[in-house]
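[1] just a sequence and a predicted model for now, questions to come.
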Amino acid sequence: MAAFCPTDPNSYANTHEVALSHTHLSWAVNFDTKTIDAIAVHTLIAQKDDVKKIVLDTNHLTVDKVFLVGDGSDTELSSDLAPRDEKFGAAFTIHLKKPLSAKETVKVSLKYTITEKSAALQWLTPSQTVGKQHPYLFSQCQAIHARSIVPIQDTPGNKITYSADVTVPSQLRALMSAVRTGEDVVGDRKKFSFSQKVSIPSYLIALAVGNIEGKQVGHRSTVWSEPEVLEAAAWEFAGTEEFIKTGEDLLSPYDWGIYDLLLLPASFPYGGMENPCLTFVTPTLLAGDRSLVDVVAHEISHSWMGNLVTTQNWEHFWLNEGFTVFVERKITGRLHGRQTAEFQAIIGVKALQESLDHLEESGHPEYTCLCPRLKGQDPDDVFSSVPYEKGFSLLYYLEKTLGGPEVFEPYLKAHVRKFAHKSINTTDFKNYLYEFFADKKSILDTVDWDAWFFKPGKPPVLNQYDDTLAKACEELAQEWDKKRGDSNPTVDRASFDKFNAGQKIMFLEKLLAKDPFPHPVLAAMQKTYDLNDVGNAEIKCRWLWLCLNASYEEAFPFATVFLGQVGRMKFVRVLYRALNKAGPKGAALAKETFLKNRNFYHPICAGMVAKDLGIQ
Ligand code: BES
Ligand code: ZN
């Protein structure tokens, strides 16, 4: 069996012996066969003497040939592929003829094929796009799927620059997580070139191909999408530059050149993905009123937290997401006021509680640690709100304990300065915190670090947030709660109408925290607020969830329609789980609906739902 990377339990790469520093990709995208003919030219640097092999991660890739790239000519190298592990793929070992000495550079070229089985890619038929005319392809590499598009050291502990040439059918456009450097016609195909000069972890390599057009929304930002939704997308995300500027003010100048957004087809499995220079976002953000753009503030915050300062492996994922949520809420606070940011934090507390409940219920309390052990675990299985919200809680608590934003914001800046372009773990974070706040050591020593990092369940300290905006949500929820016994309940719609989108979400969260509602109450809510017809996907999802929790069959058709239109995992998973628990009829419908939509979903999402429903 291949050995694991000493700094990453989810990778086979021997980064401690030889580290990848630059990759050039040449990809020819073939929609007929759903394959990509590929060449990767890797430049690596030996980290010690006598290095005889390069171990790369792969998954479902076919490597045809490996060459040592020499000055004049290339020489073929021998290699072997270890047996494939279901979670981590197969270690691919290149044997060097001459051992490397420390600091020596080596260049290898791999000719390979990306197969239809690549877990990182979703190939969409024209019918799965908005325009229905052209096929579409997109990648999602986080956490450990880059190895299914390139044989690579697939650990966030190592960073690389990359360049790429991608050829596609001439009516389509390719975009990558990099700066666009050229566009050429090559026969009946088009070639797009890219360069990412800031070093990044492998999970930030990204590709999208489709009928994609762009509209500029800021001096360094273009919104890209299928033409049919471009105007709507450009309008929704017009505030992008304001977020970037606020991030720069909080942390450091934005160093990636451009910040573009790509609005993906409905099956994109996440809300957003911080691919550098080109954030990917779900079309469920198009609420028509800019009410869901905090996701963009979140992805922009990753430009520093995650993309510049990166977790060393997925056990310290909170260093990416917890810090990002913290910065996201700082941006919200600066642009929309402290109360709004605190309100978001309260929504976060709910999300954390839901994750804790679900993970405990499903027999995995150990996943609720801020730093979970990932040996033998697929990071996708461990993914939850815990790193986001427990991580945020820790930083919020530290800020308050250490003396507030005036002392903590300079620390955040220093953290970025200290660790930019590096990969770090929780100990690095803690050591530098102690170094920066050397004069506050006695305060830091009062923090129960062990409990924060390694104990499952609730955070050891619960923060108090300003609940001015949340109060009205609880009051309205209680008003409905009191109607449980009524056969024809009525509640005035005025207070709900006055709520902003976040408060509507919170109101539904409050209802979700209570016992399932009697059906006449749900019918009255629908009659009063017309929730079956709302366009905001966050509101719609929670409403349907509330109905399913009560096995309210009137809502089943609305839930199945929604599940056929939206592929964002966060919505899809909770609704399938709730439908599956909504009596025998619901359980049957959950399975039937999933089997019908399986191909619509991204492979990562389909895999997770299949597990949730016990279908294999
Ligand atoms: N980087 C994450 C998405 C991700 C995490 C993909 C782990 C794969 C593995 C992204 O920044 C994110 O957190 N997205 C959130 C939005 C956010 C506002 C919390 C999402 O997708 O909902
Ligand atoms: Zn994130």
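    In hand now; what should we look at? Ligands and ions are numbered 1, 2, ... in the order given.

[2] surely residue 234 and residue 223 touch.
    Yes: using C-beta atoms under 8 Å, residue 234 is in contact with residue 223, at 4.7 Å. Where you see a C-beta, it was placed from the backbone N, CA and C, and this is true even at glycine.

[3] these two: who's more crowded?
    residue 223 (26 against 21; other C-beta atoms under 10 Å).

[4] in three-state terms, label that one for me.
    When classified by DSSP: H, G, I helix; E, B strand; the rest coil, residue 223 comes out as strand.

[5] identify the bridge partners of it.
    When bridges are called by DSSP bridges, residue 223 pairs up with residue 215, residue 261.

[6] return the residues in contact with it.
    214-217, 230, 233-234, 237, 240, 260-263 (C-beta atoms under 8 Å, 6 or more residues apart in numbering).

[7] which among these count as buried?
    Buried members of those, scored by 16 or more other C-beta atoms under 10 Å, are 214, 215, 217, 230, 233, 234, 237, 240, 260, 261, 262, 263.

[8] whichever residue of the stretch 1-150 of the chain sits closest to ligand 1: what secondary structure?
    Nearest residue of the stretch 1-150 of the chain to ligand 1, counting by C-beta to the nearest ligand atom: residue 142, 3.7 Å away. Classification of residue 142 using three-state DSSP returns coil.

[9] list the contacts for the residue nearest to it when sequence neighbours are not counted?
    Leaving aside its sequence neighbours, residue 142 sits nearest to residue 203 (C-beta to C-beta, 6 or more residues apart in numbering; 4.3 Å). Counting by C-beta under 8 Å, 6+ apart, residue 203 makes contact with 141, 142, 143, 144, 145, 146, 154, 156.

[10] and those residues as a markdown table, adding pLDDT?
    Converted to a markdown table, the contacts of residue 203 look like this (pLDDT from 0 to 100):
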| residue | pLDDT |
| --- | --- |
| 141 | 98 |
| 142 | 98 |
| 143 | 98 |
| 144 | 98 |
| 145 | 98 |
| 146 | 98 |
| 154 | 99 |
| 156 | 99 |
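
[11] just among those residues, which is most surrounded?
    residue 154 (32 neighbours).

[12] in this structure that one contacts residue 160, no?
    No: assessed by C-beta under 8 Å, residue 154 is found out of contact with residue 160, at 11.0 Å.

[13] quick check: neighbours shared by these two?
    residue 202.

[14] the stretch 251-400 of the chain: helices as residue ranges?
    Using DSSP state H, counting those that start in this stretch, the helices assigned to the stretch 251-400 of the chain run over residues 294-301, 318-336, 338-361, 379-382, 386-402.

[15] so which bits of this protein are right by ligand 1?
    When proximity is defined as C-beta under 6 Å from any ligand atom, the chain approaches ligand 1 at 142-143, 270-274, 295, 298-299, 302, 321, 383, 388, 570.

[16] let's see 8 Å
    Proximity of the chain to ligand 1, by C-beta under 8 Å from any ligand atom, involves residues 140, 142-143, 203, 269-274, 282, 294-295, 298-299, 302, 306, 317, 320-321, 324-325, 328, 379-380, 383, 388, 568-570, 604.

[17] re earlier: any idea which of the helices of the stretch 251-400 of the chain gets closest to residue 251?
    Nearest to residue 251, of all the helices of the stretch 251-400 of the chain, is helix 318-336, at 7.1 Å by C-beta to C-beta.

[18] show me what counts as buried in that closest one.
    Quick answer for helix 318-336 (16+ other C-beta under 10 Å): 318-335.

[19] same question for stretch 88-104.
    For stretch 88-104, burial by neighbour count (16+ other C-beta under 10 Å) applies to 88, 89, 90, 91, 92, 93, 94, 96, 100.

[20] what residues are up against the residue in the chain positioned nearest to ligand 1?
    Nearest residue of the chain to ligand 1 (C-beta to the nearest ligand atom) works out as residue 271 at 2.9 Å. By C-beta under 8 Å, 6+ apart, the contact set of residue 271 is 281, 282, 284, 285, 295, 568, 570.

[21] output stretch 4-22 as PDB, restricted to C-alpha atoms.
    Provided in PDB are the C-alpha atoms of stretch 4-22 (Å, rounded to 0.1, in the frame of the first residue of the first chain):
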ATOM      1  CA  PHE A   4       0.400   8.800   2.900                       C
ATOM      2  CA  CYS A   5       1.900  12.300   2.800                       C
ATOM      3  CA  PRO A   6       3.400  13.100   6.200                       C
ATOM      4  CA  THR A   7       1.500  16.300   6.500                       C
ATOM      5  CA  ASP A   8      -1.800  15.200   4.900                       C
ATOM      6  CA  PRO A   9      -3.800  12.000   5.700                       C
ATOM      7  CA  ASN A  10      -5.800  12.400   2.500                       C
ATOM      8  CA  SER A  11      -2.900  12.500   0.000                       C
ATOM      9  CA  TYR A  12      -0.200  10.100  -1.200                       C
ATOM     10  CA  ALA A  13       2.100  12.900  -2.400                       C
ATOM     11  CA  ASN A  14       5.700  12.900  -1.200                       C
ATOM     12  CA  THR A  15       5.900  16.600  -0.800                       C
ATOM     13  CA  HIS A  16       8.500  16.300   1.900                       C
ATOM     14  CA  GLU A  17      10.900  14.800  -0.700                       C
ATOM     15  CA  VAL A  18      10.000  16.700  -3.800                       C
ATOM     16  CA  ALA A  19       7.500  19.600  -4.100                       C
ATOM     17  CA  LEU A  20       5.600  20.700  -7.200                       C
ATOM     18  CA  SER A  21       6.100  24.400  -8.000                       C
ATOM     19  CA  HIS A  22       4.600  25.000 -11.400                       C
END
